[in-house]
Structures are given as C-alpha cells and as structure tokens.
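[1] turn this into a model:
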Amino acid sequence: MIRVTRSAVIDAPIARVWEVLRNFNSHSAWHPAVGESKIENGEPADQVGCVRNFFLKDGNHLREQLLALSDRDHVSTYCILDATLPMQRYVATVQLKPVTDGERTFWHWQSTFEVPRGREKEFEELVGKGVYESGFEGLRAFLRRGGNVSRPAATADALQAQAIVVKAFGGPEVLSFEPITASAPGHNEVRIRQTAIGVNYIDVYIRKGLYRMIEPPAAIGMEAAGVVQDVGTGVAHLLPGDRVAYACSLPGAYATVRTMPADQVVVLPDEVSDEMAAAVMLKGMTAEYLLHRTHRLRPGQNVLVHAAAGGVGLLLCQWAKGLGAKVIGTVSSEDKARRARANGCDFPIVTGNYSFAREVKNLTNGRGAEVIYDGLGREAAAENLEALAFTGHWVCYGQASGPHHAQPDLSSKSGTLSRPVLFHYTAERAVLQEIAGHVFKALREQTIRVELHHRYPLAAAAEAHRDLEARRTSGSIVLLP
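    Residues are numbered from 1 along each chain as shown. Presented below is the predicted three-dimensional model:
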C-alpha cells in the first residue's frame, strides 16, 4: 500500500479555502490538471455519496465519490470508483486547520492506494506532485484572482416569515406583528433563521422617526442571533448551519427570518449562547469602541457613566473598572444603584432630575470627570459641561432624553465633544471582526458579564418598548421568535 502526504499553507482564511474545497465539483475551476467535471444525477456537490465524473487534461477519466464531509472539522474524504489509471483502493483525505494568525490556512492532503508492482515511484510522483503540489499552486492562483465557486443553496426560494413592522412613526402602539417574505440570498448576502433578537434604545428612536432610518411600513431592530439558513454567491466566511450574530446599521432584526448583507455577520464561539449574543452584540461592541477607540481609557482616569444600570451602562462600568478607572455613574433609583455598584460602578449617584455635577466634583476632589459617556442627551447636557474636567472628553453616543438644543461652550473647559456611531466603526468587516472578537474575549475572561433579566415573545415587542421607555427594565432585553 502506497501512502502519499503533502501539506501547504494557503494565504487565505480557512473559511475562504473551505468554501472552495467543500464543493466536491470545484476542482475543475482551480486545479490545473482537471478538465471537464460534473456531479452525476444532479445531486448537490456537497452531499455525501455524490459522484464526480471528470477528465484530466491528459485524457484520463475518473469517477470519484465523496465519502465524508465535516464543516465543523474542515475535513473531506473521497475515493476512486473507476479510473483509466491503474490505481486501486484509492482513498484520500483533505483537512484544513487555521494558522495561528487566523488569516492563513494549513492544508493537509493524504491518500493511500495500490498500483502494479514496479510502478510505485511513478505514481507517488504523479499524485504527490501532479495532483497535490500542483493543486496547492492552482488554488493559490484561483484565490488571488478572486475566484469564486457557487455553494449549493440550502433553500433556493423565498421563505414566509413574521416580523414586527412600524406602521407609522409614533408610540409603541404603531408596532404590528405581520407576515413578511424573506427573499433568497443574493450575491454577498446571507439568510438567517433568527433565534434571539436584541432590543435597544435606538429602536425607539427609529420607531418615533427621530432617526429616519426607515420609511413605514418597515421592520425595525438592529441586532439578533440565529443560524445560517443559506448564503449567496461571494460569501466566504459563513456556511449553512453556522451559529451567527450581528449588530448592523440596517433595521429589520425584529423578524423570524432575515436576509441581509453577509459582511455584517460574525460566527459565534461555542461559549456564547444565542440569547447572550443578541443581548451583547450592539451594547458590547458599543462599550468596546467607546472605551478602546473613541476615548482610549487609561488607568486612574475619572469616568462618568450615565444610565449606569442600563444595557450599555453596565458593560461600560464593568469594562472601565477592569481597565483601572474610577467609575462614577448616574441611576434613577436605589435599586439601580445597587445593581450598578455590583457591576463595577464605584460611586452610583441616584438622581431623578439630572442633578449630579456637584457630587462628581466632590468625588474627584474638584477635578471632574476626564471622560463622560453620555447616552442621555438633552436633559443632562448643562450639568455634563459642569461635571467635565479641564481638557476632558464628553462622549455623547445616545440621546434617550432628546437631542441637544444647542452646542455647549466647550472652550470654558478646553473640552472635546464626540458624537460617535457604532456602525461607522464596524463598516469594514475586518474591524467588525476585531471589535466582536474583543467582546467575546471579554466575556470569556469575565471582564464583562451580561445581565439578561427581560425576555419577551417577538409578538410582544410593543410591551418591551413601553417597559424600556418607562425605565422599568435594567440590563439587556431580548425578543424570542
């Protein structure tokens, strides 16, 4: 029995390489030795048991059968059924593993077979160089050209689904639970069967028309988790069956099934549940960019976090405390003060009328806060300026109480005002992956913890909005389809 083994490193992420190799009929597109090839009986090219019938460019003819395929382990095994070449009992295995840096792939290719006595070296050379080494180079060239192999779709047709639709701008009563159609994914799109959906204050802004990101009637919602139903052409990093999540700038997450741009979707690690992902994607990535990008928080800085017991506020307190900051927070009740304190807020200030600046000054020996994370907006504006330290940074990332009436006079503090938006930071997929990965790492290391106290059926989204606006919630809220 002859054993031939070759390995190579491919300069592409494992998802991109596997997208090509899992298609059992893709070799005619990238392997320089392979000519015409087809899958017999019209079966899908990723179906175990399918047979590819093909010619080599030297005129030899082969029929090979797919014996095993694992998307989890990135392994496929196949055998030769018939061949004009004198090779018997030929079984080959392709296995991929990610290289440490995550952007390259280790490809191991191995086969065992028998040939007539005296021809062993000839066929070792033929398989090792003519098939394997030639194949490595062929795939590299294919990927450099931007080559793409269509992946068999799990579902080719539109799917019936249900969604929460804004009938007209207004209060929670404008939310209606209605049937919709989730189209088949087009180029660079993915269709997701959703399992948990996050509720955020931006959803309220959109529902009211404060953020004109939709024109009614239209579905709302910015984040969710679920399972990939199928993908369109050009999608390299997702596969049907992957557990995924997203927080993106296109409203429409309040739905049982959704078709959307694939570049805004990330694969979930095993340790992050669907509900946790739906609860943390938007709020966690918001905390990440606020603390690590908009203002790079340093140990010892005085931080003021508004709505410190809210979904973003709790994460900001936890993460800022982990970074060594002195954390001051505003909350609306004693109960929320206790919750904020338990999540890293050193000094929660209970205020019903946004009177907090004097207490911030007292807690910082008159200096004020070097950075203020403000998701409140209008009603806290005047006191924010008073509470800000000289050369401080006022980061206004939300406006729960409404937008500012006028530009504050920052020259009185030599202060800086930022109005950042998460989706500007995550517009490029590489940065999105980096921010999401940082959030997952913080969860894994327990730098941050998600408080999920509120679950509502998707059809009860209006009730969830009423509770959110009335400040009857704390931590994260999810809708369950």
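[2] where does pLDDT dip in the stretch 351-481 of the chain?
    352-354, 400-406 (pLDDT under 70).
[3] do that again at 90, thanks
    Within the stretch 351-481 of the chain, the stretches with pLDDT under 90 are 351-355, 375-382, 398-410, 429-430, 451-453, 471-476.
[4] show me where the stretch 351-481 of the chain has its helices.
    Secondary structure of the stretch 351-481 of the chain by DSSP state H, counting those that start in this stretch: the helices cover 357-363, 381-387, 422-425, 429-444, 461-469.
[5] er, the chain I mean
    Counting by DSSP state H, one finds helices in the chain at the ranges 14-21, 27-30, 120-125, 134-144, 201-208, 274-289, 311-322, 334-342, 357-363, 381-387, 422-425, 429-444, 461-469.
[6] ok, residues contacting the second one?
    Right, the one you point to is helix 27-30. Outside helix 27-30, the residues that touch it by Cβ atoms under 8 Å, 6 or more residues apart in numbering are 20, 34-37, 52, 54, 135, 138-139, 141-142, 147, 149. No exception for glycine: its C-beta is placed from N, CA and C like everyone else's.
[7] okay, now the residue lying closest to Arg207 once chain neighbours are set aside: neighbour count?
    Spatial nearest neighbour of Arg207, excluding adjacent residues (Cβ to Cβ, 6 or more residues apart in numbering): Val166 at 5.5 Å. Neighbours of Val166 under the rule other Cβ atoms under 10 Å: 23.
[8] what does Arg338 give?
    If you count neighbours by other Cβ under 10 Å, Arg338 ends up with 14.
[9] now Ala182
    Residues near Ala182, counting by other Cβ under 10 Å: 24.
[10] so His187 makes contact with Gly232?
    Yes: judged on Cβ atoms under 8 Å, His187 makes contact with Gly232 at a distance of 5.3 Å.
[11] more crowded one of those two?
    For His187 versus Gly232, the count of surrounding residues by other Cβ under 10 Å is larger for Gly232: 20 against 10.
[12] what residue lies at the spatial centre of this protein?
    Residue closest to the average C-alpha location in the chain (Cα atoms, centre = their mean): Val266, at 2.5 Å.
[13] ok, the nearest residue to that residue once chain neighbours are set aside - contacts?
    Sequence neighbours aside, Ala436 is the residue nearest to Val266 in space, at 4.7 Å (criterion: Cβ to Cβ, 6+ apart). For Ala436, the contacting residues are 266, 281, 285, by Cβ under 8 Å, 6+ apart.
[14] from the chain's centroid, how far away is stretch 426-434?
    Stretch 426-434 sits 9 Å away from the centroid of its parent chain (Cα atoms, centre = their mean, to the nearest Å).
[15] what comes up buried for it?
    With burial defined by 16 or more other Cβ atoms under 10 Å, the residues of stretch 426-434 counted as buried are 426, 432-433.
[16] which residues sit against that stretch?
    By Cβ under 8 Å, 6+ apart, stretch 426-434 touches 237, 247-248, 263-264, 266, 285, 425, 435.
[17] could I get these as a markdown table with distance to Gly375?
    Formatted as a markdown table, these follow (distance: Cβ to Cβ, whole Å):
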| residue | distance to Gly375 |
| --- | --- |
| His237 | 31 |
| Ala247 | 16 |
| Cys248 | 19 |
| Asp263 | 27 |
| Gln264 | 22 |
| Val266 | 24 |
| Met285 | 14 |
| Tyr425 | 16 |
| Ile435 | 18 |
